[in-house]
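> let me see the structure of the following:
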Amino acid sequence: MGKGEELTTTKYLIHAQITANGIVEKPDVVGAVFGQTEGLLSNDLDLRELQRTGRIGRIQVNIHSNSGRAKGEIVIPSSLDRVETAILAASLETINRVGPCEAEIQTLKVEDVRAVKREQVVNRAKEIYKNMVESVGPESMKMIEEVREAMRVHEISEYGEDRLPAGPSIHTSDAIIVVEGRSDVLNLLKYGIKNTVAVEGVSVPQSIGELSKKRTTTAFVDGDRGGELILKELLQIGDVDYITRAPRGKEVEDLEKDEALVALRNKVPTAQFLATHNLFNEGNGKKDRRQDRRHKKQKYAQRQPPVEEPEIEDDEVSLMKDMLKEFEGTGSGAILDEALNMTKEVEVEEIYEEIKAIEGTADTVIFDGVISQRLVDVASEKGIKRLVAFNSVNIVKKPNNIQLITID
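Coordinates of the predicted model:
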């Protein structure tokens, strides 16, 4: 196999150190590696067969002699998976003789070539992006922003008989965000938030109320008196799951990206919001309206029961987080059984399809990535009890039968 092929297909590099009580040459070391590991492992891990099929590359030996002793380094390129590569690396340490001399081999490390490549890609991408930004003048930036604005206007759609302004995902998304007006929809669309719909005024259309009963609904209103009035109306005719507001005195259409995302991350369940805000306690002296509002508040408090998270022992969570750290920067993960034994190693970019294809008693999925609503849904369907990753984003509906464990 040529050098180009090895560089293309190699996933890991096994680095080992050799010391010998005598003078040995490179062919002696290579012969010992092949000869003394032959028959030690299964046929699937026979070195000669692995090299013949291109699953390991050419064994590289750099050795030198001094004062009648030899010392050097062995490097073996591997395109096997993580477990098989680790077994192969460990088998090198069983070699105790090279040629006529006693010898000792110690595995120093297994280097993930893909992680190095990913770091190179990130660094190069930063350089390219920096050059792109520096080469774009003010007039060009203005032109780009005009085109983006035109695309956002083009993307905006309509919902219902009232033809309410909405994001392009309003018809397909399981979760929706209700805002005040068209400008709010456009502003959030600029930040990639496409599941919005506007009520277009203080009087909330009945179609929004019906839609809110079918989807997980977040009310995102302005931080002023108008926002309170819209929220009251929406709570009376719809079924709102979460509530968030723009900072006091600000409108959703004026928020910067960070402000909008922080507000959405800080949304709270409706029952919790009503318990901490006197939204329905601004009476006008009419007893029947006060009673109706008390019933309304009780209704939302009853509809949002506290979710009881399944308890997991601290040491078990700690164990899972330690296991997760082993996957950091690898772009891979694993499917574990109830005893936390690995049943399959998976790539992060294929994690959704791998979970979808699970059949049997899989218990935990651990991976170097981010937990999304889509992964939570498919894992719940497959009976997965735990998802373990470095972070989670945009989880609006978590089933009670699944536990999310993250480092952050």
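> quick check: bridge partners of residue 111?
Beta-bridge pairing for residue 111 (DSSP bridges): residue 13.
> OK, contacts around it?
For residue 111, the residues meeting the contact criterion (CB atoms under 8 Å, 6 or more residues apart in numbering) are 12, 13, 15. No exception for glycine: its C-beta is placed from N, CA and C like everyone else's.
> just the element for the last one, please.
Meaning residue 15. Take DSSP states H and E as the rule and residue 15 turns out to sit in strand 12-20.
> pull the residues that contact the helix or strand that comes right after that strand.
Using DSSP H and E, the helix or strand that directly follows strand 12-20 along the chain is helix 26-37. Applying CB under 8 Å, 6+ apart, the contact partners of helix 26-37 are 18, 47-48, 59, 61, 63, 72, 74, 91-92, 94-99, 103.
> which helices and strands does whatever helix or strand comes next after helix 26-37 pack with?
Note on helix 26-37: by DSSP H and E, the next helix or strand toward the C-terminus is helix 47-52. Judged by 3 or more CB pairs under 8 Å, 6 or more residues apart in numbering; DSSP states H and E, the packing partners of helix 47-52 are helix 26-37.
> about what we covered before: of the contacts of residue 111, buried ones?
With neighbours counted by 16 or more other CB atoms under 10 Å, these contain buried members at 12, 13.
> just the closest of the contacts of residue 111 to residue 203, please.
Closest approach between these and residue 203, by CB to CB: residue 12, at 63.6 Å.
> let me know whether that closest one touches residue 80 as I believe.
Yes - using CB atoms under 8 Å, residue 12 makes contact with residue 80 at a distance of 7.5 Å.
> which residue packs closest to residue 43, ignoring adjacent ones?
With CB to CB, 6 or more residues apart in numbering as the criterion, residue 43 has its nearest non-adjacent residue at 6.9 Å, and that residue is residue 49.
> and for residue 50?
For residue 50, ignoring the flanking residues on the chain, the nearest one in space by CB to CB, 6+ apart is residue 56 at 4.5 Å.
> ok, now how distant is the one you found from residue 34?
Computed with CB to CB, to the nearest Å, the distance linking residue 56 and residue 34 is 11 Å.
> who has more neighbours, those two?
residue 56 (27 against 14; other CB atoms under 10 Å).
> in this structure residue 356 contacts residue 380, no?
No - Residue 356 lies out of contact with residue 380 (CB under 8 Å); the separation is 11.9 Å.
> grab the CA positions of stretch 232-251 and hand them over as CSV.
As requested, C-alpha coordinates have been extracted for stretch 232-251 and formatted as CSV (Å, rounded to 0.1, in the frame of the first residue of the first chain):
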residue,chain,number,x,y,z
LYS,A,232,-53.3,37.6,28.6
GLU,A,233,-55.4,37.2,25.5
LEU,A,234,-53.3,34.3,24.3
LEU,A,235,-53.6,32.5,27.7
GLN,A,236,-57.4,32.9,27.6
ILE,A,237,-57.9,31.3,24.1
GLY,A,238,-54.9,29.1,23.6
ASP,A,239,-52.8,26.4,25.3
VAL,A,240,-49.4,27.9,26.0
ASP,A,241,-46.6,25.6,27.4
TYR,A,242,-43.8,28.2,27.9
ILE,A,243,-43.5,32.0,28.3
THR,A,244,-40.6,34.3,27.8
ARG,A,245,-40.3,38.1,27.3
ALA,A,246,-38.0,40.5,25.8
PRO,A,247,-35.9,42.6,28.3
ARG,A,248,-38.0,45.3,29.9
GLY,A,249,-38.7,48.2,27.6
LYS,A,250,-37.5,46.3,24.5
GLU,A,251,-39.4,44.8,21.6
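> which of the residues in that stretch are buried?
Neighbour-count burial for stretch 232-251 flags 232-235, 238-246, 250-251 (criterion: 16+ other CB under 10 Å).
> closest to residue 323 among those?
Ranking the buried residues of stretch 232-251 by separation from residue 323, with CB to CB as the measure, puts residue 242 on top at 32.4 Å.
> from what I see, the closest one and residue 217 are in contact.
Yes - applying CB under 8 Å as the test, residue 242 and residue 217 come out as touching, 7.3 Å apart.
> picking that back up, nearest to residue 374 among the contacts of residue 111?
So of the contacts of residue 111, ranked by how close each gets to residue 374 (CB to CB), first place is residue 12, at 30.3 Å.
> so who does that closest one touch?
Contacts were defined as CB under 8 Å, 6+ apart; by that measure residue 12 touches 77, 78, 79, 80, 82, 85, 110, 111, 112, 113.
> identify the farthest-apart pair in these.
The widest separation within those, taken as CB to CB, falls between 77 and 82 and amounts to 14.8 Å.
> neighbour count for the two, which is higher?
Set side by side, residue 77 and residue 82 show more neighbours around residue 77, with 23 against 19, by other CB under 10 Å.
> so where does the more buried one fall, helix or strand?
With DSSP H and E as criterion, residue 77 is part of strand 69-78.
> off-centre distance for the helix or strand immediately after that strand in the chain?
Toward the C-terminus, strand 69-78 is succeeded by helix 82-91 as the next helix or strand (DSSP H and E). Using CA atoms, centre = their mean, to the nearest Å, the mean C-alpha position of helix 82-91 is found 28 Å from that of the whole chain.
> for helix 82-91, buried residues please.
The neighbour-count check on helix 82-91 (16+ other CB under 10 Å) flags 82, 84, 85, 86, 88, 89, 91 as buried.
> how about the secondary structure of residue 118?
Residue 118 carries the three-state label helix when classified by DSSP: H, G, I helix; E, B strand; the rest coil.
> per-residue pLDDT, it?
Looking at residue 118, its pLDDT stands at 87.
> now it: how far from residue 334?
Counting by CB to CB, the gap from residue 118 to residue 334 is 19 Å.
> next one: residue 43
When residue 43 is compared with residue 334 (using CB to CB), they lie 25 Å apart.
> out of those two, which sits in the busier spot?
Summary of the neighbour comparison: residue 43 and residue 334, criterion other CB under 10 Å, with residue 334 having more neighbours (22 against 7).
> check contacts around the residue nearest to that one when sequence neighbours are not counted.
On the basis of CB to CB, 6+ apart, the spatially nearest residue to residue 334 that is not a chain neighbour turns out to be residue 342, at 4.7 Å. Counting by CB under 8 Å, 6+ apart, residue 342 touches 83, 334, 335, 336.
> what about the strands in the stretch 301-408 of the chain?
Using DSSP state E, counting those that start in this stretch, the strands of the stretch 301-408 of the chain run over 332-336, 342-347, 364-367, 370-371, 386-389, 391-392, 403-406.
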